[in-house]
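Novice: what's the 3D shape of this:
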Amino acid sequence: MIIAQISDTHIATDLPDAEIRRSDLERVIADINRLDPLPDAIVHTGDITQHGRIEEYRIVEAALSKARMPFYLVPGNKDSRANLWAVFSPLGFLPADFPFLQYAIESHPVRILVLDTIANDSNKGDYCETRIRHLAALMDADPQRPIAAFTHHPPFEVMVGPESLHYKDLDALDRVRGALQHSKHVAGIFSGHVHRATRGFVGTIPASIVQCVATPLRKGEYPDRMRARPIYHVHRFEPGYGFASETRIVDAA
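Specialist: As a prediction, the model looks like this:
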């Protein structure tokens, strides 16, 4: 199974670089559509928009509608659960009977589990007992197939950049880490939020962070020829081996 991961597009309508952010997203989708073989799915790991406004989600909807494969969305701290659900619920993958945007996708060889790590009072992540119990139930519903887990906030300490902890406190980080280790079939954990790439572990589970798609917001040092080229990840799963990940750099405009 092949999954394309994009993140942190921060689509806006009222910022000086709004057109660049929109173009970055469109260029990434066009690049994914040219891959051979095509990915089975795209997962966007949050901060889909800058302000969580309906009109911002409509821009994202227009761009993602051009994808040649299904796409799934993870809420980020910049997103609005209500507005995200209002725009994308007709596609059928978002939960209708749970207060958090946390769900499973069962239609692929690897189960995709989307975690909702939004804290209502902080840009950093949180994970409550309601979400922990819900995730355990999702995992237990199919105890045999491998799982790819997607979060916005990375569930490990990040050793690059100015901050290492991206949850409200260590207790919140421990809660989400414990929840992710409920099943022995989690093959990989994939996150965004940090706007730069790095890797870590949750117990023995490999975890990674993808760069942000929005080139004006990307962190890290890049040569001039790369600064205007969006980046995303492609994760390939092979039974018996797990995930191998590739960084894709979109061609210059």
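Novice: okay, now the nearest residue to H51 once chain neighbours are set aside: neighbour count?
Specialist: Counting by C-beta to C-beta, 6 or more residues apart in numbering, A12 is the residue found nearest to H51 once chain neighbours are left out, at 6.5 Å. Bear in mind the C-beta positions are built from the backbone N, C-alpha and C, glycine included. A12: 21 surrounding residues under other C-beta atoms under 10 Å.
Novice: just use 27 as the starting number from now, easier for me
Specialist: From this message on, residue numbering opens at 27, which makes the last subject A38.
Novice: so A38 sits right up against L51, yeah?
Specialist: No: with contacts defined as C-beta atoms under 8 Å, A38 does not count as touching L51, sitting 11.5 Å away.
Novice: for the helix ranked longest in the chain, name the packing helices and strands.
Specialist: Ordering each helix of the chain by length in residues (DSSP state H) puts helix 44-59 first. Contacting helix 44-59 under the criterion 3 or more C-beta pairs under 8 Å, 6 or more residues apart in numbering; DSSP states H and E are the following elements: strand 28-32, helix 80-90, strand 257-264.
Novice: ok, the residue nearest to H77 to D142 distance?
Specialist: 22 Å (C-beta to C-beta, to the nearest Å).
Novice: pop out the phi and psi values for the residue nearest the centre of the chain.
Specialist: A centroid search over the chain (C-alpha atoms, centre = their mean) returns T71, at 1.4 Å, as the residue closest to the centre. With angles defined as degrees, to the nearest 10, T71 sits at phi -90, psi 40.
Novice: OK, contacts around I37?
Specialist: 44, 47-48, 51, 74-76, 82-83, 85-86 (C-beta atoms under 8 Å, 6 or more residues apart in numbering).
Novice: that one bridge partners, please.
Specialist: Note on I37: beta-bridge partners by DSSP bridges are T75.
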